[in-house]
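K.L.:
My questions are about this predicted structure, shown below with the sequence.
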Amino acid sequence: MDFETWVTEELAYLESIASEPAHDALVVDYVEALEKLNTYQQQFDLFGTDKFLMYLPSSFTPDSGLSVAASQSTKQAQVARHAVECCLQIQINIVEDLETRLDIAERWTPGNSDYWETLEYSRRWKFIRAVEDLEGLVVQRLFELSKANLSSTGYKLRRQISRAIIKRSGAIRTALDKYNKLTVMQNPRRPTLQYSEILSYAALGEFDILKHSRHDILTKPWSNTMHRQMGVKYFKISRAREEITRLNVETRRLHAWIDAEDSDIKHVATELELTNPPLVSEIWRLYHRQWRVNDVHRIRINRIYSLEGFTGCVPSDVTATDDSLDSVDEVSVEMIEDELEGDEAARFDLCIQQMSL
C-alpha cells in the first residue's frame, strides 16, 4: 500500500472539486454560445430580406395619410429586425473569441460528436457542480470529524476544528437545497437527500451521491475507512522516527547546556572570590541551588541514555543508571521546591520589614 501516493491523490481530488476545470467551463460556454447563435440566426432569417409593404385602405386617414397604428407597426418591425441583427453580430463575436481561446479551427456543428457530448454535459453541468459542491463539503466535514476525534489533537486545534464544522454545516445545508432543486430536472431522476441524513454519515461509503459525480471517489483506495486508519498509523510511525532523530540531538544539547551553565557560574565565583566576597557568597548560593536543579535534569538524561533501543550518541563520562535514581529524582525535586518556597517566604519577610520602617 502506497500511503504517500494516496495522500497526493487525495489532495489532487480535493483541489479538483474546488472549482470546475477551466477547459470544461470554456467548452460549455462555447456550446451554449453556439446554441444562442443558432437561435439568433433563425430569428434573423424570419425577417428575410426587405419585404414589400402592404397597406389596406383602412391604413390611411383622409387628412394625414398613413395612420398612426400602421406607422408604428412598420417602425416596430424595423426596430425588431435591427435588434436581432445586433444580437446576432455580438454572438458571432463571442463564438469567434471562444474558438480562438479553445484553438478550434473548424466550427462545431450538430453533426459533431464533441458538440453533442458537450451539449449533454452543459445540460447537466449545473447538477454536476451542485453534486461536487455538496460532495466537497461533506468530504471535508468527514475528514474534520475524524481529525477532531484523534487523541493526539490538542485543545486549541479541537476548538478550531469545531468552529470549522459548525460553519461547514451551514454551507452543507445551502448546497443540499440547491442539489434537491436540481434532482427533479434530471433524467433519470436523482434521489433527494435530507439534511439529517448527511449529518449522520460517518464514512465516505455511506454517501451514495458520490456515485453520480465525475471523480468516482468510492473506487479510490484512500476513501476506504480501514485504509485511512492504516494510513494514519503509518504516518504516526514515520513522524515518530523523525522525532526520535530530533530528540537525540536535543538531549545532547540539553546535557551540554546544563554542564556549561554549572561551569560558567563556578568560574565567575572563583574569579570574584578575592575582590568581592559578598557577591561571591551570593553567587555560590546560586551555584549550589542551580546545580541541584541541573542534577535532576542529569538524572533524567542519564535515564534516557540507558533506555533500550536508544540510538543517540552517549557521552563517555555517563555512568550506568539504576532503579534507585527514581527515588533520588523525586527527593531532589521536593528539596528544590521546598527551597524555592523558603526563598519566597524570606523575600516576603524582608519586604514587610522595609515597609514597616
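P.N.:
Nice, thanks for sending it over. All values derive from a computational prediction rather than experimental measurement.
K.L.:
roughly how far apart are residue 252 and residue 315?
P.N.:
Distance of residue 252 to residue 315, given as Cβ to Cβ, to the nearest Å: 8 Å. C-beta: built from backbone N, CA, C; applies to glycine.
K.L.:
quick one: which of the two has more around it?
P.N.:
residue 252 (16 against 12; other Cβ atoms under 10 Å).
K.L.:
other SSEs contacting whichever strand or helix holds that one?
P.N.:
Using DSSP states H and E, residue 252 sits within helix 225-271. Here helix 225-271 touches helix 3-16, helix 277-305, going by 3 or more Cβ pairs under 8 Å, 6 or more residues apart in numbering; DSSP states H and E.
K.L.:
weakest of those in terms of mean pLDDT?
P.N.:
Lowest mean pLDDT within the helices and strands packed on helix 225-271: helix 3-16, a mean of 83.
K.L.:
show me where the stretch 101-250 of the chain has helices.
P.N.:
For the stretch 101-250 of the chain, the helices defined by DSSP state H, counting those that start in this stretch cover 113-148, 155-183, 195-199, 225-271.
K.L.:
buried set for the second one?
P.N.:
This points to helix 155-183. Across helix 155-183, burial judged by 16 or more other Cβ atoms under 10 Å covers 161, 168, 172, 175, 176, 179, 180, 182, 183.
K.L.:
Same question for the third one.
P.N.:
Within helix 195-199, the residues that count as buried by 16+ other Cβ under 10 Å are residue 198.
K.L.:
Looking at the buried residues of helix 155-183, which one is closest to residue 289?
P.N.:
residue 161 (44.0 Å; Cβ to Cβ).
K.L.:
Look at that closest one and report its pLDDT.
P.N.:
66.
K.L.:
And for residue 50?
P.N.:
52.
K.L.:
returning to what we had before: select, out of the helices of the stretch 101-250 of the chain, the one closest to residue 6.
P.N.:
Using Cβ to Cβ, the helices of the stretch 101-250 of the chain put helix 225-271 closest to residue 6, at 6.3 Å.
K.L.:
Over that closest one, what's the mean pLDDT, rounded is fine.
P.N.:
89.
K.L.:
same question, stretch 196-208
P.N.:
63.
K.L.:
Start at 13, not 1
P.N.:
Okay, using 13 as the starting number, the last item reads as stretch 208-220.
K.L.:
Measure how buried the residue lying closest to residue 22 once chain neighbours are set aside is and give me the count.
P.N.:
Spatial nearest neighbour of residue 22, chain neighbours left out: residue 234 (5.2 Å); criterion: Cβ to Cβ, 6 or more residues apart in numbering. Counted with other Cβ under 10 Å, the neighbours of residue 234 add up to 19.
K.L.:
With the one 3 residues further on instead?
P.N.:
Neighbours of residue 237 under the rule other Cβ under 10 Å: 14.
K.L.:
for the one 5 residues further on, same thing?
P.N.:
Neighbourhood size, residue 242 [other Cβ under 10 Å]: 14.
K.L.:
again with residue 52
P.N.:
19.
K.L.:
Could I get the buried residue list for stretch 109-122?
P.N.:
In stretch 109-122, counting by 16+ other Cβ under 10 Å, buried: 110, 111, 120.
K.L.:
If you drop the residues flanking it in sequence, what lies closest to the second one?
P.N.:
Excluding the flanking residues, the one nearest residue 111 by Cβ to Cβ, 6+ apart is residue 119, at 6.7 Å.
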